[in-house]
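**Student:** Next come a sequence and a model predicted from it.
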Amino acid sequence: MAAKKTGKKETGGEFDLGLGGIFKGLGDFVEKLSDLAEKGKEFQKTGEIKGLDKNLSGLFGISIKVGGLGADKIKVEPFGNIHKDKKGEAVVDEVREPIIDIFEESDHTMIVAEMPGVEEKDIRIDLKDDILEISAETREKKYHKEILLKESFAKNKMTHAYKNGILEIKLVK
């Protein structure tokens, strides 16, 4: 059973944050993308499904970023633990996909992952050439994400810090 959540848009009015609501309101979505293209900002929306097994909850969201090297660059990235299977039906996994931001600098690459609800001791980071794998597991939360990097990095040139649910990984070129 899905619970609908609503919130206020910045420009006024209401929108639906439920799983079905993410795909509704195409006109508002296109309008928001237009605003993002003009201002070069970030837009994130999430929805949650309740009424599942009491130990399992569903979360789906999208992060839309506009800007970067060219003002015409738009990056849409899903996150959460709800996805469609081959039949097109919604599936809820135990493992969530964290929100990831990648910042390319001249001398390093910075990866920022949002993983609330875990402690630093629960986080595993594995780097193999150009593939970075991040995972964390507690009794309540499980996260996993594989990131294909633009280039290969040496493990011994990687540093990381975790504070208040934010993991920062620095890969020196």
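**Tutor:** Looks like it arrived, so ask away.

**Student:** In this protein, where is pLDDT below threshold?
**Tutor:** Applying pLDDT under 70 to the chain flags the ranges 1-59, 64-75, 83.

**Student:** Give me the domain ranges for it.
**Tutor:** The domain map for the chain lists 1-94, 98-173, with the assignment taken from automatic domain parsing.

**Student:** what's the straight distance from one end of the last one to the other?
**Tutor:** Terminal residues of domain 98-173 are spaced 24 Å apart (CA to CA, to the nearest Å).

**Student:** again, but for stretch 155-173
**Tutor:** End to end - CA to CA - stretch 155-173 spans 11 Å.

**Student:** hang on, Lys121 in a helix?
**Tutor:** Yes: with DSSP: H, G, I helix; E, B strand; the rest coil as the criterion, Lys121 is part of a helix.

**Student:** Give me the contacts around stretch 162-173.
**Tutor:** Residues outside stretch 162-173 that contact it (CB atoms under 8 Å, 6 or more residues apart in numbering) are 98, 106-120, 123, 125, 127, 132, 134, 149, 151, 153, 157-161. C-beta: built from backbone N, CA, C; applies to glycine.
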